[in-house]
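J.: Any chance you can model this:
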Amino acid sequence: MKIKYNAPVILTYTLVAIGVLIFCTRSLLAAYFTSPASLAFTSPEFYLRLVSYIAGHGGWAHLSGNLTIILLVGPLLEEKYGSGKLLEMILVTAIATGLFNAFFFSNSLMGGSGIAFMLILLSSFSNIRTGQIPLTFILVSILFIGNEVISILKIDQISQFSHLAGGIAGAGYGFLRGGKR
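T.: Okay, the predicted model is just below:
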């Protein structure tokens, strides 16, 4: 048996995120692997951080929680949509979430939670047909949104905004792209 690098986008993201956690100090994580806390369109670092924050994680528990979802759902979606389209979805989700966060909030984001939730909602569209909304999408949306709304009431270090933004991006891509490759 041969080991196959079957989902290059998902596996590369996974390896980069693990590498960042292993090799980066807290100060490097804060400087390069958190989203911008404010809009700074003249800074090249601003553009780097709009994407790089999804590779930074606060610890192994944070990383393994995200990777559990990403590695379970991501390869199936990469096979369905193709590597290029999935990479596009990840980048658009990361950039949009980072921009909205910098515009509306003064904190930074860290981690791939938004990507994980984008993949979760996108996966519920795996069998979409014209003129039909999958019941799985409705159920996942109710559970997802309900949990995030309840979680907003808790005081913690988790950005429910990034979860919701990622979920909205996944739902949007699911509606726009359907099952087309």
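J.: Leaving out the residues flanking it, which one is nearest to Ala17?
T.: Using C-beta to C-beta, 6 or more residues apart in numbering and skipping the chain neighbours, the partner closest in space to Ala17 is Ala55 (4.8 Å). To be clear about C-beta, it is placed using only N, CA and C from the backbone, and glycine gets the same treatment.
J.: quick one: stretch 16-30 to chain centroid distance?
T.: Distance, stretch centre to chain centre, for stretch 16-30: 18 Å (C-alpha atoms, centre = their mean, to the nearest Å).
J.: any idea how far Ser106 is from the residue nearest to Ala17?
T.: With the distance defined as C-beta to C-beta, to the nearest Å, Ala55 ends up 22 Å from Ser106.
J.: Just the pLDDT for the residue sitting furthest away from the middle of the chain.
T.: When distances to the mean C-alpha position of the chain are computed (C-alpha atoms, centre = their mean), the maximum falls on Met1, with 32.1 Å. For Met1, the model assigns a pLDDT of 89.
J.: what do you get for the one 10 residues further on?
T.: The predicted local distance difference test score for Leu11 is 98.
J.: Ok, Ser159 next?
T.: 63.
J.: now do Gly131
T.: Gly131 carries a pLDDT value of 68.
J.: again, but for the one 4 residues further on
T.: Predicted confidence (pLDDT) for Leu135: 83.
J.: if I look at it, how far off is Phe125?
T.: From Leu135 across to Phe125, the span is 12 Å (C-beta to C-beta).
J.: With neighbour numbers in mind, choose between these two.
T.: Taking other C-beta atoms under 10 Å, Leu135 and Phe125 do not tie; Phe125 has more neighbours (23 against 9).
J.: Now do stretch 62-77, average pLDDT.
T.: Confidence over stretch 62-77, taken as the mean pLDDT, stands at 93.
J.: and Thr34, helix, strand or coil?
T.: Using DSSP: H, G, I helix; E, B strand; the rest coil, the secondary structure recorded for Thr34 is coil.
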